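K.L.:
sequence? don't have it. structure:
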């Protein structure tokens, strides 16, 4: 695979190797040696000599045999020349640990651009700069190309982190919890080898069962989205949501841009790809362990077994809040349990086997749940009473796990030294064990969340064939040529019409006479609007007159508007007065490197006061459009409350998809607001639209 | 103090002592011995002999010298007689570990009632039954009157838990984290000695700095509320919210009762008393450690110091989401930092001292924050780079902590074996250290939450002197004598009037003629309503006619209503048609043993669809009434949006307080709904009211 040389190097050089212990050039060599790297290590130092018993070479060009990976740990300004030497030598990938690049400003940016240019020219891959490096625990490799301190055991979790600090915290925590890691990568400034490439690589690495990702920003969100979508269908990708509050307090306006928080785009990407997102490193690490050792549940129906009540209540709260359900058990299961458990035991879900329950009771309960088709996953809440054969219980849990195709997650509440063997038997069987009921419950809930993501059909976005894409292109192109930032009102409506989005009938007019002619076509009552690029908030500035009933009124209003907005040299728009419907908004905003984010919400106070809106990334599929609508807090207002009829949801779902298609075809659209879009019992109609390009 | 004999016993007997290792009667003796109990231990067993080298007595009556605490670990049916013997002996408190009481049904309830009766009669206190017991780590006592496995070190956290299982998990976790515990109590069925009594006791125990509480239900919520309010002003009480989802999925109606979830009352009690509530045992334990070792911050302004960026972002997210602010530092502080830190360091908040920062840099940053009056608390994010004198950094942190009056909380991200000494220096100084940035941040945020609770003025509820409480009593009494469950419409309005709550002018009528007379007084237009105890939803059933403009219309409507509802033998209510205002609801529901919970929300779809309502327990103070209004998501609709004027918030605050006073005076009111209450720019008026008694 593409990154094999980097992630499974057959020989490693360290340029800038040092024999001073507190330097990175020493530390990497020490780490490679201590971790038992299986290939040759070539220290490179102009002074030559020996470092930790290894011969040092004065230059990378003088090292013997092929080198897959060269660490570069020298002064930033010397890195480009050194990288060229590496390329000459035939080094496959350089891990540039040295800092002092993009992160220090313009000078650093220039230096970093040199590295990218050399990489492109020579084909050498650059990892970093300003980065930690990689680790591969594969017994055939054991490459610790990194200066960090965590010493992982081999396992199935692979970790990639933009922030080395956070990467190390995750890596350390998983290791401390006694669980193995497959590979680790933290690529700092990421000027060449990217996080999506690494994820792609691990998607194909059989030994990687779970991918853990930490990102703070996405240089190429579309590439990330595409790779993550592909890989997340094969194996779970777990990621942290960070920077949630950075812009959270920013004043919000009623426009799409303002309503979208700083981190919304990353959250939307996670959601669209099927990444399991976390707000908390600890939960992410604990979940990674669950995913690494247990199968994904077939659904969200959990059966719980407890031998004490209090922790079971806490676990239930978390499971239910995490989206799981605790269905009643089948009659057969209940009968079985009644026969095999103590008479005072509770055979409902959760099953309380009682504190005095021994191995045979636990075995009976677990087996009953394994055999109950109404249960997808088993949650154990096990406090270790001193008067119970806990080791026997542990052996039954381990046995059941070996036979089980359903995930089993356990909370074992105990004193770890006294019950070390009990704990070890459960853990070694592959059942993840947690100290706290809420921790285990959150892990299982995250696994059910992934199961739900996997079940989403791999739907294609609709492609409506009745659109006139070429006319739309002409509208956009003409506006660009005229250097307009905002489309004229009639052009905005025309654009919508090109994509089959129903609009209130409209005609543009230059003066009162033309208005009258237009109204004669449209039929009274009509709406009159001022249309000028400089008038942004036309309603607020009195540029919209509703319900004009006849010719005289129209003439008067048209003359007044023309006079009032004379400075803006406006045109006028005469429009059909649409019947009252439910006001909704469909908006969109371009996101650099990603496409567009589409917004949906109810208009008026619902958007302004309650900020009750939903977002999706283009292209928006039918299912996603439906989710946008159904996820609103105000959704019941659309289906009908207090005797009111609901609106045509199908029509709204179609409008959202048609808007999405329009946005995909026309990347130049910077912002879009269809506000209001009136939704009726049958159909919907756009009454106003603002298109920024 | 009242519970001294129980919690600091000078001699302990174990009735039902056994020499079989897997029994509770053996385990308690073993625990007392192993933990080094300082008083005499008297095993009681009819067979006599020796247990663990201690002489066993055939009966409690034969034990020598006074006994403060007797464990009772014998068959449930034998407990009452045994308890009587204990009383005879002069035992101060009996810890009844035996199960088989209230929790097993009617027989058990009867047995438990016997215990309560004996306690009342003899003055012996009963702890339990069906419980673990108590632990006191005081070196002068060292009483491990419990059969659990956790071995605490002496400290300042005291834990009381309704569920022994959860209590043990909390106790175990705090101990595992290396932090000391002062006292522990889990009182199971709690038939006599109650959790409020224990909290009261610890409120006066100087060595208890933090009280941790786990409750699942409250037998006497008012007692809990009163004690917790008193104690929480002196020291932090931390509690878990449990049973959150039990009834969460229950269908909700538009009435107060339906909108209040199962756990709302307990949450409201926590909030009213000033308890710091948690959703998660782990966070509760970690926070307890913070509270036990650090002062409460003066406010919520945090200064952060980090030597790596990624974790700082995560901590910032949590701190801000937890209600803290990260203000810019003073100019003086910035200047100081610019002088003392590396030139590339960031001197904003968070301060990034850089990965290469050594002891002097950390010292400078901490001291700068200690001296900055704009900062209430310090958050350290410390990754231990191998090339830094981390021990030196740790010593600076420890030094600063000794001088500091501001809380310092640290996240130390490291490999715990390699950096054991660094960690120990920080921990031993009393700075709580956490593995994860989010954990430490949540702890500090919880401390700031407590600081905010402490700052709430100890406000008394208003007592309006213009109320006619005796007339109100007469209305209620008369309705009860008439066996009405719901007050007649006019009586409901009269009740409000007694408490000075403005109502739309109304008159009750028996027929069309009386309606006409009433309307002549009130003035047209009027509203006509049917009033019959059996017609519960009068609007839905067509029993309300709005906007009746003249005599003829009124006569016709009155006759129609009388005919339509003839079966219900209705009266009619003629009412002033109040001008349009903002519709709000004030509701209330009685909660057994507590008083009432008052509800406030906007009417119509806001309550029905958005369920946007707030609750407080009576008596509702002015501040609380204000919080009820301001905490609504729809609050901006009350202050005015889109050019609309706001409504008279003062008037609403007053109505809520008057309703509260009415409820406190009239415990018989079971449910109340003032719906709608119209709020105007000036004043408010109740247009309808339903009072259930």
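P.N.:
In hand now; what should we look at? Here the structure is a predicted model, which is why all the values come from computation and not from measurement.

K.L.:
What's the first helix or strand after the helix or strand harbouring residue A:82?
P.N.:
Assigned by DSSP states H and E, residue A:82 belongs to helix A:79-89. Per DSSP H and E, the first helix or strand lying C-terminal to helix A:79-89 is strand A:93-96.

K.L.:
helices and strands around that following strand, which ones?
P.N.:
helix A:4-7, strand A:69-72, helix A:79-89, strand A:125-127 (3 or more Cβ pairs under 8 Å, 6 or more residues apart in numbering or on different chains; DSSP states H and E). C-beta coordinates here come from the backbone N, C-alpha and C atoms, glycine included.

K.L.:
neighbouring strands for the last one, and are they parallel or not?
P.N.:
Okay, so that is strand A:125-127. Next to strand A:125-127 in the sheet, as set by DSSP bridges, lie strand A:93-96 (parallel).

K.L.:
hmm, who's touching the partner strand?
P.N.:
A:3, A:5-6, A:9, A:68-72, A:79, A:83, A:86, A:115, A:124-131, A:133-134, A:145, A:193 (Cβ atoms under 8 Å, 6 or more residues apart in numbering or on different chains).

K.L.:
Just grab the bridge partners of the nearest residue to residue A:492 once chain neighbours are set aside for me.
P.N.:
Nearest residue to residue A:492 in three dimensions, chain neighbours excluded: residue A:689, at 4.2 Å (Cβ to Cβ, 6 or more residues apart in numbering or on different chains). Beta bridges link residue A:689 to residue A:674, judged by DSSP bridges.

K.L.:
residues contacting residue A:689?
P.N.:
By Cβ under 8 Å, 6+ apart, the neighbours of residue A:689 are A:489, A:492, A:493, A:495, A:496, A:503, A:672, A:673, A:674, A:675.

K.L.:
Flag the shaky bits of chain A, pLDDT-wise.
P.N.:
Residues of chain A meeting the criterion pLDDT under 70: A:1, A:243-264.

K.L.:
Can you pull the domain assignment for it?
P.N.:
For chain A, the structural domains run A:1-146, A:148-293, A:295-452, A:582-692, going by automatic domain parsing.

K.L.:
looking at those, which is closest to residue B:595?
P.N.:
Residue B:595 sits nearest to domain A:295-452 of all those, at 25.7 Å, using Cβ to Cβ.

K.L.:
for residue A:227, phi and psi?
P.N.:
Backbone torsions for residue A:227, taken as degrees, to the nearest 10, come to phi -70, psi -50.

K.L.:
With adjacent residues omitted, what lies nearest to it?
P.N.:
residue A:196 (4.1 Å).

K.L.:
measure the one you found to chain B for me?
P.N.:
To chain B, residue A:196 is 19 Å away according to Cβ to the nearest Cβ, to the nearest Å.

K.L.:
Do I have it right that that residue meets residue A:231?
P.N.:
No - here residue A:196 does not reach residue A:231: they are 9.2 Å apart, not a contact under Cβ atoms under 8 Å.

K.L.:
And the helices in the stretch 151-300 of chain A?
P.N.:
A:164-176, A:195-203, A:221-232, A:256-259, A:264-273, A:281-293 (DSSP state H, counting those that start in this stretch).

K.L.:
The closest residue to chain B within the stretch 451-600 of chain A: how many residues sit nearby?
P.N.:
Going by Cβ to the nearest Cβ, chain B is nearest to residue A:540 of the stretch 451-600 of chain A, at 9.0 Å. Neighbours of residue A:540 under the rule other Cβ atoms under 10 Å in any protein chain shown: 11.

K.L.:
Could you do residue A:559 as well?
P.N.:
Using other Cβ under 10 Å, residue A:559 is surrounded by 13 other residues.

K.L.:
Let's verify it: helix, strand, or coil?
P.N.:
Judged by DSSP: H, G, I helix; E, B strand; the rest coil, the three-state class of residue A:559 is helix.

K.L.:
Against residue B:553, how distant is the closest residue to it other than its chain neighbours?
P.N.:
Spatially, and ignoring its direct neighbours in sequence, residue A:559 is nearest to residue A:512 (5.3 Å; Cβ to Cβ, 6+ apart). Residue A:512 sits 45 Å away from residue B:553, going by Cβ to Cβ, to the nearest Å.

K.L.:
right, is stretch A:636-656 up against chain B?
P.N.:
Yes - Stretch A:636-656 lies within reach of chain B by Cβ under 8 Å from any Cβ of the partner chain, at A:636, A:637, A:641, A:642.

K.L.:
so how far is that stretch off the chain centroid?
P.N.:
29 Å (Cα atoms, centre = their mean, to the nearest Å).

K.L.:
and what of stretch A:676-693?
P.N.:
30 Å.

K.L.:
Would you indicate which residues of that stretch are buried?
P.N.:
Neighbour-count burial for stretch A:676-693 flags A:676-680, A:683-693 (criterion: 16 or more other Cβ atoms under 10 Å in any protein chain shown).

K.L.:
How about stretch A:113-126?
P.N.:
Result for stretch A:113-126 [16+ other Cβ under 10 Å]: buried residues A:114, A:115, A:118, A:119, A:124, A:125, A:126.

K.L.:
and these, which two are the farthest apart?
P.N.:
The widest separation within the buried residues of stretch A:113-126 (Cβ to Cβ) is 15.3 Å, between A:114 and A:125.

K.L.:
could you list every residue that touches the residue in the stretch 151-300 of chain A positioned nearest to chain B?
P.N.:
Minimum separation of the stretch 151-300 of chain A from chain B (Cβ to the nearest Cβ) falls at residue A:163, amounting to 2.5 Å. Applying Cβ under 8 Å, 6+ apart, we find residue A:163 in contact with A:186, A:214, A:216, B:308, B:309, B:310, B:311, B:313.

K.L.:
same question, residue A:670
P.N.:
Residues in contact with residue A:670 (Cβ under 8 Å, 6+ apart) are A:589, A:590, A:692, A:693.

K.L.:
And those, which is closest to residue B:182?
P.N.:
Nearest member of the contacts of residue A:670 to residue B:182, counting by Cβ to Cβ, is residue A:589, at 55.8 Å.
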